[in-house]
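Below: sequence and its predicted model.
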Amino acid sequence: RRPLKSKPRQGPDALQRIGVDTISGMFFSQIVAFFIIVTTAVVLHAHGITNINSSAQAATALRPLAGPFAFTVFAAGIIGTGLLAVPVLAGSAAYGVADALGNPSGLERKPHQAKVFYAVLIVASIVGMALNFTAIDPIKALYWSAVIKWGCGGTDHGRDHA
């Protein structure tokens, strides 16, 4: 296959393939997330925990599966999630700010072609990492960042600013 810009006729097939990939991936990820939530709720409720206020309480849900290694497994999961989430959230912020300002955006562009995008990407990554060293509650921060993201509305990430 060639890039869509050089062979635009393959666009409809590529779009269909991307659509199937996206829908199936989202479907299965949501099924897995649902069962993680249900399993966690059942285990925590059985131990009398109905309100999670700390990561230690959340790690308790892994005790039946991981035993004495529950906190280690939970920590590995949190680190893995952070390694996945920080670039995604930073990229989302970079796309949002660059698009809102009408500037070019996208990782396929060189830094000198999308200065605002890359500046926000770098700053958001640094801020995300720096938050680990503050007293800010990460659960509340995630909640309020989702509220702010929802309040800002969507942007057209597919828009070409060339």
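It's in. Residues are numbered from 1 along each chain as shown.

before we move on, what SS does G48 have?
Using DSSP: H, G, I helix; E, B strand; the rest coil, the structure places G48 in coil.

Next one: it from S55, what distance?
Applying Cβ to Cβ, to the nearest Å, one obtains 18 Å for the distance of G48 from S55. To be clear about C-beta, it is placed using only N, CA and C from the backbone, and glycine gets the same treatment.

Neighbour count: those two, which is higher?
A count of neighbours by other Cβ atoms under 10 Å puts S55 above the other of G48 and S55, at 14 against 6.

How about the contacts made by that one?
With contacts defined as Cβ atoms under 8 Å, 6 or more residues apart in numbering, the neighbours of S55 are F74, I78.

what pLDDT does it get?
The predicted local confidence for S55 comes out at a pLDDT of 79.

same thing with the one 5 residues further on?
You'll see T60 listed with a pLDDT of 81.

Check whether it really touches L44, as I assumed.
Yes. T60 is within contact range of L44, at 6.4 Å (criterion: Cβ atoms under 8 Å).

ok, now how distant is N132 from V86?
10 Å.

who has more neighbours, the two?
Set N132 next to V86 and count neighbours by other Cβ under 10 Å: V86 wins out with 18 against 10.

Give the next helix or strand downstream of the host helix or strand of that one.
The secondary structure element spanning V86 is helix 70-100 (assigned by DSSP states H and E). Secondary structure here is assigned by DSSP H and E; on that basis, the next helix or strand after helix 70-100 toward the C-terminus is helix 115-130.

Return the helix or strand of the chain with the lowest mean pLDDT as PDB; C-alpha atoms alone will do.
For the chain, counting by mean pLDDT, DSSP states H and E, helix 138-152 ranks last in confidence among helices and strands (a mean of 78). The C-alpha atoms that make up helix 138-152 are tabulated as PDB, following Å, rounded to 0.1, in the frame of the first residue of the first chain:
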ATOM      1  CA  PRO A 138      -4.600  11.900  40.800                       C
ATOM      2  CA  ILE A 139      -8.200  10.500  40.900                       C
ATOM      3  CA  LYS A 140      -9.700  13.900  41.300                       C
ATOM      4  CA  ALA A 141      -7.300  15.300  38.700                       C
ATOM      5  CA  LEU A 142      -8.400  12.700  36.200                       C
ATOM      6  CA  TYR A 143     -12.100  13.400  37.000                       C
ATOM      7  CA  TRP A 144     -11.700  17.200  36.600                       C
ATOM      8  CA  SER A 145      -9.600  16.900  33.400                       C
ATOM      9  CA  ALA A 146     -12.400  14.800  31.900                       C
ATOM     10  CA  VAL A 147     -15.000  17.400  32.900                       C
ATOM     11  CA  ILE A 148     -12.800  20.200  31.400                       C
ATOM     12  CA  LYS A 149     -12.300  18.200  28.200                       C
ATOM     13  CA  TRP A 150     -16.000  17.500  27.900                       C
ATOM     14  CA  GLY A 151     -16.700  21.200  28.500                       C
ATOM     15  CA  CYS A 152     -14.300  22.300  25.800                       C
END
